[in-house]
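Participant: Turn this into a structure:
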Amino acid sequence: MKKLIVLSLLQVVMKSAVKTLIVSLIVILTAGCGGKALNKALSGDTVKGVKAKVLAAGSPIHGANGLYFGPDGNLYIGSVFGREIIKMNPNTGKILDRIGPERGVESPDDLTFGKDGSLYWTAIATGEVGKIGPDGKKSTVANLGKGVNPITIKHDDGRMFVGQAFFADSLFEVYEDGRQPRLILEKTNSINAFDFGPDGYLYAPSPMRGLVVRINVENGQTITIASGLTIPSYAVKFSPSGQLFALEQPTGKVLKINIQTGQKEVYAVLERGLDNLAFNSEGRLFVSNAEEGTVVEVFPNGTHKVVSPGGMIAPAGVAVLSDDKGDERVYVADTWMFREYDGRTGRQESYVHYAIPKLFPPHAVSADGRNLLVVSRIFGGVVQVWDPEKRETVATHRGFSYPSTAVRFQGDLVVADVGKVIRDTSGKRVTLAELAVPGGLATQGDNLWAADRAKGTVLQLISGGTTLTPPRVVAMDLASPEGLAVGRDGNLLVVEAGTGSLRHIDLANGAVTTVASGLKLGVGAEAPTPPPGVFSGVAVGPSGAIYVTGNKANVLYKIGYSR
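Facilitator: Predicted structure coming up:
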């Protein structure tokens, strides 16, 4: 699981995918929706002009990580955030199967096949080395702890080797007969996607040092065979002819490396965000992109063909600002990238890839005047103030655990962190409330609300500037409430991730009604961080239009009236 950015083919995808979503639409809280129209909507009648559509569509894959060709000739793709292994026709890009949690697969980062056709993978979030045999039966080979990442099999003798990266840092030989894994190396500098060379040694990238190393798996002896790769570089693989190839994530370069001299040659240049690569038996080369979800085939002349297109891979938080013309600009936190869309056309206007400390990987976002509050939870709990016009960080607030979202309230920063909602006043932090799993936050004037994903409640934490102890429950019995916003009528909108719905909460009487159902959202909580794994966001624009991130389908929904 590694990332940076990438220019995308999203505009092409969106042109074909921006279409009306068939949803159950009961009430739309948008500009011009007065009392009579609202009452009609609540009664189930059709309100003229109301519509829900996919404003922007992303990749069919939630980020493409490990790659390997199966004995059937198809390409298998690990997707950490998708929580699945995808079986794809390498010629057409057609997805033939999705092997996910219902079949025992979870957060697969890398994968390989055994001689008998068994599929093996590493679950970076859970630590499992999983297996699906030729008979389709799933089993666990070993559990090495969170951070299991590269995996390969030495095909001359069938021995299996697994590494840990980022969350841990070791190299093991793993056995299928129940023996304890053999520790080969500790402190490997998080070596990543590796492969055995024709000489019997294991070759691996050392991503944060820009090196390729050779490892003797019998005694752990490690020698650097190439240096000077752009940091980070996450994968190496050998072609059927014995040539070593490597990827540079930030530059998009595919390199050929001479294992005798360490000399590097640029084979092709792709978009940024490269994650892994695989050769089929004929020597055809395929490369995955984690940030865009793209899979491409690379040809010997340096050109390439898109096999599966890219775009949003895990849209989470969403916020809306108006430009100088009054047009709505919609900002989506897409895990490794920060994307801006035209609120009318759905066209992607700009993007920013994470580059610490400039911008940490974005998980959630909210409007902060002309700026944006961007929450990152993957590489440390950070909340940043981002200026979208200047494309620069204005401030960085550190020291949180795994924040799910943040808002500006009375000039202070309010953050939903693990087990609590925190108010930060010029660096002084106090706990406003303890919640099981804090979700979204919403403000209006001197009032503040929060969702508790685990307990299915929405609570008012502050009323008229006064902190409520205990908080006041305004809605309950919701199925995993996450994103929260104030609608044009002054009531609350909440994303119910457990049902794929947008719900309306009447603050006067606590009545909860459905705005839209059938939304493809609610990816689930199993991820390298505490729940919610991928946040389901909602925001209301100045026009009253409602924007919701559909993180199951990698889409941005717009619910509202025609302008």
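Participant: To which secondary structure element is L507 assigned?
Facilitator: Assigned by DSSP states H and E, L507 belongs to no helix or strand.
Participant: Can you tell me the closest non-neighbouring residue to it?
Facilitator: For L507, ignoring the flanking residues on the chain, the nearest one in space by CB to CB, 6 or more residues apart in numbering is N491 at 5.3 Å. All C-beta atoms are positioned from the backbone trio N, CA, C, and that covers glycine.
Participant: quick one: contacts for the one you found?
Facilitator: L29, H504, I505, D506, L507, A508 (CB atoms under 8 Å, 6 or more residues apart in numbering).
Participant: Tell me the spacing between the residue lying closest to the last one once chain neighbours are set aside and R453.
Facilitator: It refers to A508. Excluding the flanking residues, the one nearest A508 by CB to CB, 6+ apart is N491, at 8.0 Å. As for N491, its distance to R453 is 20 Å (criterion: CB to CB, to the nearest Å).
Participant: try N554
Facilitator: Separation of N554 from R453 (CB to CB): 21 Å.
Participant: What's the local residue count around S480?
Facilitator: Here the count is done by other CB atoms under 10 Å, and S480 has 22 residues near it.
Participant: next one: the one 4 residues further on
Facilitator: Residue neighbour count, defined by other CB under 10 Å, stands at 25 for L484.
Participant: ok, it - contacts?
Facilitator: Here L484 is in contact with 439-442, 449-451, 458, 492-495, 538 (criterion: CB under 8 Å, 6+ apart).
Participant: Tell me the one of these nearest D199?
Facilitator: D199 lies nearest to G439 out of the contacts of L484, by CB to CB, at 52.7 Å.
Participant: is it true that that closest one lies in a strand?
Facilitator: Yes - counting by DSSP: H, G, I helix; E, B strand; the rest coil, G439 is located in a strand.
Participant: Contact partners for it?
Facilitator: By CB under 8 Å, 6+ apart, the contact set of G439 is 404-405, 416, 450-453, 480-484, 532, 535.
Participant: Of the residues you listed, just the buried ones, ChimeraX syntax please.
Facilitator: In ChimeraX syntax, the buried subset of the contacts of G439 is picked out as below (16 or more other CB atoms under 10 Å):
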select :404,405,416,450,451,452,453,480,481,482,483,484,532,535
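Participant: Name the weakest-confidence residue in the contacts of G439, if you would.
Facilitator: The member of the contacts of G439 with the lowest pLDDT is P532, at 64.
Participant: neighbours of Y547, just the number please.
Facilitator: Count around Y547 with other CB under 10 Å applied: 27.
Participant: Now do it against R453, distance only.
Facilitator: From Y547 to R453 the distance is 20 Å (CB to CB).
Participant: go on, G283?
Facilitator: From G283 to R453 the distance is 48 Å (CB to CB).
Participant: Could you pull up the contacting residues of the residue lying closest to D199 once chain neighbours are set aside?
Facilitator: Nearest non-adjacent residue to D199, counting by CB to CB, 6+ apart: I259, 7.8 Å away. Applying CB under 8 Å, 6+ apart, we find I259 in contact with G197, D199, Y203, R214, I225, A226, L244.
Participant: And those residues, which two are furthest apart?
Facilitator: Between all members of those, the farthest pair (by CB to CB) comes out as D199 and A226, at 14.9 Å.
Participant: For the stretch 401-550 of the chain, which residues score under the pLDDT cut-off?
Facilitator: Counting by pLDDT under 70, the stretch 401-550 of the chain shows low-confidence ranges at 524-532.
Participant: ranges for the strands of it?
Facilitator: For the stretch 401-550 of the chain, strands defined by DSSP state E, counting those that start in this stretch occupy the ranges 405-409, 412-417, 420-425, 428-434, 438-444, 447-452, 457-463, 466-475, 481-486, 492-496, 501-505, 512-517, 538-540, 546-550.
Participant: Can you give me the domain assignment for the protein?
Facilitator: For the chain, the structural domains run 10-16+23-58+312-561, 67-308, going by automatic domain parsing.
Participant: Which of those domains has the lowest mean pLDDT?
Facilitator: With a mean of 85, domain 10-16+23-58+312-561 has the lowest mean pLDDT of the domains of the chain.
Participant: List the beta-bridge partners for T431.
Facilitator: For T431, the beta-bridge partners are I422 (DSSP bridges).
Participant: next one: the one 10 residues further on
Facilitator: L441 has these beta-bridge partners by DSSP bridges: A450.
Participant: do the same with P481
Facilitator: Beta-bridge partners for P481, by DSSP bridges, are E496.
Participant: cool, and G78?
Facilitator: Counting by DSSP bridges, G78 is bridged to I85.
Participant: That one contacts I61, doesn't it?
Facilitator: No - assessed by CB atoms under 8 Å, G78 is found out of contact with I61, at 10.1 Å.
Participant: what is in contact with the two at once?
Facilitator: Joint contacts of G78 and I61 (CB under 8 Å, 6+ apart) do not exist.
Participant: For the protein, which segments are assigned as helices?
Facilitator: Per DSSP state H, the chain carries helices over the ranges 10-17, 35-42.
Participant: rewinding a little: are any of the contacts of I259 buried, and which?
Facilitator: Buried members of these, scored by 16+ other CB under 10 Å, are G197, Y203, R214, I225, A226, L244.
Participant: Can you flag which of these belong to strands?
Facilitator: Counting by DSSP state E, those place Y203, R214, I225, A226, L244 in strands.
Participant: what separates the last one from T126, distance-wise?
Facilitator: Applying CB to CB, one obtains 31 Å for the distance of L244 from T126.
Participant: Spatially, what comes nearest to P362 if we skip its sequence neighbours?
Facilitator: Per CB to CB, 6+ apart, closest to P362 is A333, 3.7 Å.
Participant: ok, that neighbour to H397 distance?
Facilitator: The gap separating A333 from H397 is 16 Å, by CB to CB.
Participant: Looking at those two, which one has more neighbours?
Facilitator: Between A333 and H397, A333 has the larger neighbour count (other CB under 10 Å), namely 29 against 19.
Participant: The more buried one pairs with what?
Facilitator: Here A333 shows beta-bridge partners F338, assigned using DSSP bridges.
Participant: need the contact list for it.
Facilitator: P315, A316, G317, V318, P362, H363, A364, V365, V374, V375, F535, G537.
Participant: Make TSV out of those residues and add distance to L144.
Facilitator: TSV is the format used below for those (distance: CB to CB, whole Å):
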residue	distance to L144
P315	31
A316	29
G317	32
V318	36
P362	30
H363	26
A364	31
V365	35
V374	33
V375	30
F535	29
G537	34
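Participant: For ChimeraX, write the selection for the buried entries among those residues.
Facilitator: Buried residues within these, by 16+ other CB under 10 Å, are selected in ChimeraX with:
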select :315,316,317,318,362,363,364,365,374,375,535,537
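Participant: ok, the contacts of A333 vs K390, which is closest?
Facilitator: In terms of CB to CB, no member of these lies closer to K390 than V374, at 14.1 Å.
Participant: Verify the stated contact: that closest one with P361.
Facilitator: No - judged on CB under 8 Å, V374 makes no contact with P361 at a distance of 9.5 Å.
Participant: which neighbours do these two share?
Facilitator: Joint contacts of V374 and P361 (CB under 8 Å, 6+ apart) do not exist.
Participant: Tell me how many other residues crowd the closest residue to K87 other than its chain neighbours.
Facilitator: Spatial nearest neighbour of K87, chain neighbours left out: D97 (4.0 Å); criterion: CB to CB, 6+ apart. Neighbours of D97 under the rule other CB under 10 Å: 13.
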